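Visitor: Okay, predicted coordinates and the sequence, questions at the end:
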Amino acid sequence: MNLHPRDIVGYQGIAFEVEGVLDYQLERQELRLARLAGGGQVRYLEIPSGDMADRVVVLAEIAPLDITTPPPATMYHGGESFLLKLSGTATVLVTGNVPGRAPGPCTLWRYRAAGDRFLQIEAWPVAVRMLEGASVHQSMIEIRPATLDTHTG
């Protein structure tokens, strides 16, 4: 799965437009998140690195939790216990429009809880951002690539 700005992603009956893509390059791993906007909502869809993934992570930005960075290895949030699964400082590239994020360094912590729930904390030079969501089967996502307007009328 590869997403680009202006592609359309259908999810839960909403046609989201890809506004931008964040590429997080960590020491041993790369994460890609596409910022989706539609129906008055914003979501972040993790773009899997291989064609073999049958599940994808869909996240929404949440209000900052009352924690300091670096956060602990185990966190209790929303009635669930989240365990730290990935952390490090990433170099981030931004393609398209992703408000509140700019190319450069970002320290990232990714947590996982039962039921494939995820919590992601990002410490940017100007703010701390938090995302929460779950993994869903890829069949729940419909991707329609952007089309070029070739009308020369």
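Guide: Noted; the coordinates are in hand. Since the model is a prediction, treat every value here as computed from it, not as a measurement.

Visitor: Neighbours of the closest residue to G78 other than its chain neighbours, how many?
Guide: Leaving aside its chain neighbours, G78 sits nearest to E132 (7.4 Å; criterion: Cβ to Cβ, 6 or more residues apart in numbering). For glycine as for every other residue, the C-beta is placed from the backbone atoms N, C-alpha and C. E132 sits with 19 neighbouring residues when counted by other Cβ atoms under 10 Å.

Visitor: Go ahead and measure how far the helix or strand encompassing A15 is from the middle of the chain.
Guide: In the assignment (DSSP states H and E), A15 maps to strand 14-25. Centre-to-centre, strand 14-25 and its host chain are 8 Å apart (Cα atoms, centre = their mean, to the nearest Å).

Visitor: which secondary structure elements does it contact?
Guide: strand 8-11, strand 30-38, strand 41-46, strand 80-96 (3 or more Cβ pairs under 8 Å, 6 or more residues apart in numbering; DSSP states H and E).

Visitor: For G104, which residues are in contact?
Guide: 91-92, 125 (Cβ atoms under 8 Å, 6 or more residues apart in numbering).

Visitor: Please name the bridge partners of the residue nearest to G78.
Guide: Counting by DSSP bridges, E132 forms beta bridges with A60, L119.

Visitor: So for it, what's the pLDDT?
Guide: We have a pLDDT of 98 for E132.

Visitor: now it: how far from A34?
Guide: 17 Å (Cβ to Cβ, to the nearest Å).
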